[in-house]
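# missing the sequence, but the structure's below:
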């Protein structure tokens, strides 16, 4: 990179598909091309000279699509989504976040209407709050749920930065709902479920670098259901694991798990571009 623009040699190597280019150089160049029209013009010219086969393929595709695009009638749009929304949210996250909010409301209704002995006197909100954010996290980087995942994953800004943005978007929606739910029930303080929620989220992201974020989040939810939710509903008693986990003196352990998960995410940050 030279000054505010990429060098001609770098653009020529990129257009030619030079396999000797370092991965971080390719990432930086692609990120720069997104915002620099002059460099994109140089790239278009370089493709014509350095990779004529690609230029011919693009011309062929354009010739086939132009008649169809000209014939297509665009529906009038009253609202255009800002571009920053796409870098923080994916359309498939909307139903997942809505589902999480609905589950929280159902938990509130159960707290208000269910017999006290149903879950051993424990609040349903406190039983579900630690893992509820994982529903949104599971959808934040899922190849099976996002029709545009392949296009998104191939962009220069894919990987951990985009995953963290989408995870933050899920937490911004879910955590206030849980905060209101805990306040309405009055059975649990924010500190008792906030740290576990963040710890589970960081653990899901850390494990996601190995098995995929969706699998990791689903696995943690399933483990919590087996260890906590099912025993509480079957026996009518608060599971010992929950009594120990949500005690105020156990909060440092959740903070340690959060720190370990965050450290693992940072240490394996390069793995997320290959998910």
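Looks like it arrived, so ask away. None of the values given here were measured: they were computed from a predicted structure.

# can you give me the mean pLDDT across stretch 222-229?
For stretch 222-229, mean pLDDT rounds to 83.

# Oh, that last question was meant for stretch 197-212, not what I typed.
Stretch 197-212 comes out with an average pLDDT of 88.

# What residues of that stretch count as buried?
197-209, 212 (16 or more other CB atoms under 10 Å). All C-beta atoms are positioned from the backbone trio N, CA, C, and that covers glycine.

# Nearest to residue 65 among those residues?
Ranked by distance to residue 65 (CB to CB), the buried residues of stretch 197-212 are led by residue 212 at 33.7 Å.

# For that closest one, give its distance to residue 49.
41 Å (CB to CB, to the nearest Å).

# again, but for residue 38
17 Å.

# quick one: the helices in the stretch 51-200 of the chain?
Using DSSP state H, counting those that start in this stretch, the helices of the stretch 51-200 of the chain run over 52-71, 83-88, 93-113, 124-128, 133-140, 149-153, 160-185, 190-211.

# looking at those, which is buried most?
Of all the helices of the stretch 51-200 of the chain, helix 133-140 has the most neighbours on average by mean count of other CB atoms under 10 Å, namely a mean of 26.

# got the angle for that helix vs helix 160-185?
With axes from the mean of the first three to the mean of the last three CA atoms, to 10 degrees applied, the angle from helix 133-140 to helix 160-185 works out at 150 degrees.

# elements contacting helix 133-140?
The elements that helix 133-140 packs onto, with contact taken as 3 or more CB pairs under 8 Å, 6 or more residues apart in numbering; DSSP states H and E, are helix 93-113, helix 160-185, helix 190-211, helix 213-224.

# Out of these, flag the one nearest residue 260.
Residue 260 lies closest to helix 190-211 among those, at 7.8 Å (CB to CB).

# elements contacting the closest one?
helix 124-128, helix 133-140, helix 160-185, helix 213-224, helix 251-267.

# Looking at these, which is nearest to residue 8?
helix 160-185 (28.4 Å).

# For the closest one, name the packing helices and strands.
Where contact means 3+ CB pairs under 8 Å, 6+ apart, helix 160-185 is packed against helix 83-88, helix 93-113, helix 124-128, helix 133-140, helix 190-211.

# what do you get if the cut-off is 6 Å, keeping everything else the same?
The contact analysis (3 or more CB pairs under 6 Å, 6 or more residues apart in numbering; DSSP states H and E) places helix 160-185 against helix 93-113, helix 124-128, helix 133-140.

# Please work out the average pLDDT along it.
Computed over helix 160-185, the average pLDDT equals 76.

# let's have the chain start at 30 instead
Will do, 30 is the new start, and the previous item becomes helix 189-214.

# That helix versus helix 280-296: what angle between them?
160 degrees.
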